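Asks: I'd like to go over a predicted model; first the sequence, then the structure.
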Amino acid sequence: WEADTRNFLEVTIGMSRLQLLMRKLVERIQQNTALKFVGTALIAVPAGEEHTFGQCMLDEILRAHGWRTVMVNPDKPGELAKRVKKEAANLVCLSWLSSHLEEAVNEDISVFQRLPLNERPILIAGGLASQRKDKWMVSHGVDQVCDNAYSAITIASQLVDILENNA
């Protein structure tokens with residue numbers, strides 16, 4: 001909207017329509033397909049993140065592939081770990097676009113890493129900021145940085161399979 005002829009309200013309405021269309025398409029696909037339950041995924045959006053369409057798209061794609069999903073927007077340290085326990089999640093998808101949120105992301109990851117190993121789900125990350133800081137993310141405990149929502153599905157399923165086979 002800054003470089004185009006559309007204002008913030010028009011872009012917001014357009015994104016809402018895209019999200020609704022995507023949700024209806026996924027629901028229609030699910031009606032015609034018998035899905036095997038894969039697991040529970042938390043989609044974590046750092047506090048202050050302004051761009052959430054990608055996370056909504058990931059949410060829909062995960063559900064279309066048999067995951068139960070919960071969107072989480074932790075606004076204080078420790079909240080993500082509490083939600084992991086409450087939801088019995090076996091996957092956390094940390095998605096962020098805004099690089100200035102590095103401190104909040106670091107807090108989320110450090111709290112997550114303090115979970116006991118037997119309670120810690122797979123942690124993947126995505127979004128432009130994650131890709132720009134992929135080495136930093138992995139060095140701080142992220143299992144895999146994904147370059148798009150579709151690769152996140154494949155990677156998540158593979159990592160959960162590995163985790164379950166090693167349990």
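Replies: Structure's in. What do you need? Numbering: from 1, shown residues only.
Asks: run through this structure and note the low-pLDDT ranges.
Replies: Applying pLDDT under 70 to the chain flags the ranges 1-4, 29-30, 32-34, 77, 167.
Asks: pull the residues that contact the top helix by length along it.
Replies: Counting residues, the longest helix found in the chain (DSSP state H) is helix 8-31. With Cβ atoms under 8 Å, 6 or more residues apart in numbering as the test, helix 8-31 has contacts from W1, R6, F53, C56, M57, E60, I61, R63, A64. In short, each C-beta sits where N, CA and C put it, glycine included.
Asks: next SSE downstream of that helix?
Replies: Sequence-wise, the next helix or strand downstream of helix 8-31 (DSSP states H and E) is strand 39-44.
Asks: got a list of contacts for the helix or strand immediately after that following strand in the chain?
Replies: Sequence-wise, the next helix or strand downstream of strand 39-44 (DSSP H and E) is helix 53-64. Outside helix 53-64, the residues within contact range by Cβ under 8 Å, 6+ apart are 15, 18-19, 22-23, 26, 29-30, 41, 43, 45, 69, 71, 93, 95, 97, 126-127, 149-150, 152-153, 156.
Asks: restricted to buried residues, select these in PyMOL.
Replies: In PyMOL, this line selects whichever of the contacts of helix 53-64 come out buried by 16 or more other Cβ atoms under 10 Å:
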select buried, resi 19+22+26+41+43+45+69+93+95+97+126+127+149+152+153+156
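Asks: for M57, see how far away M22 is.
Replies: Note on M22: its distance to M57, by Cβ to Cβ, to the nearest Å, is 6 Å.
Asks: try R132
Replies: Using Cβ to Cβ, we find R132 at a distance of 20 Å from M57.
Asks: ok, the two, which is more surrounded?
Replies: M57 (18 against 14; other Cβ atoms under 10 Å).
Asks: CA-only coordinates of the longest helix of the chain, as PDB, when you get a sec.
Replies: The C-alpha trace of helix 8-31 is given here as PDB (Å, rounded to 0.1, in the frame of the first residue of the first chain):
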ATOM      1  CA  PHE A   8      -4.100   0.100   4.300                       C
ATOM      2  CA  LEU A   9      -7.900  -0.600   4.600                       C
ATOM      3  CA  GLU A  10      -8.200  -1.900   1.000                       C
ATOM      4  CA  VAL A  11      -5.200  -4.200   1.500                       C
ATOM      5  CA  THR A  12      -6.600  -5.500   4.800                       C
ATOM      6  CA  ILE A  13     -10.000  -6.200   3.100                       C
ATOM      7  CA  GLY A  14      -8.200  -7.900   0.200                       C
ATOM      8  CA  MET A  15      -6.100 -10.100   2.500                       C
ATOM      9  CA  SER A  16      -9.200 -11.000   4.600                       C
ATOM     10  CA  ARG A  17     -11.000 -12.100   1.400                       C
ATOM     11  CA  LEU A  18      -7.900 -14.200   0.300                       C
ATOM     12  CA  GLN A  19      -7.900 -15.800   3.800                       C
ATOM     13  CA  LEU A  20     -11.600 -16.600   3.600                       C
ATOM     14  CA  LEU A  21     -11.200 -18.100   0.100                       C
ATOM     15  CA  MET A  22      -8.300 -20.200   1.200                       C
ATOM     16  CA  ARG A  23     -10.200 -21.500   4.200                       C
ATOM     17  CA  LYS A  24     -13.200 -22.500   2.000                       C
ATOM     18  CA  LEU A  25     -10.900 -24.300  -0.400                       C
ATOM     19  CA  VAL A  26      -9.200 -26.200   2.300                       C
ATOM     20  CA  GLU A  27     -12.600 -27.100   3.900                       C
ATOM     21  CA  ARG A  28     -13.800 -28.400   0.500                       C
ATOM     22  CA  ILE A  29     -10.700 -30.500   0.000                       C
ATOM     23  CA  GLN A  30     -11.100 -31.900   3.500                       C
ATOM     24  CA  GLN A  31     -14.700 -32.900   2.900                       C
END
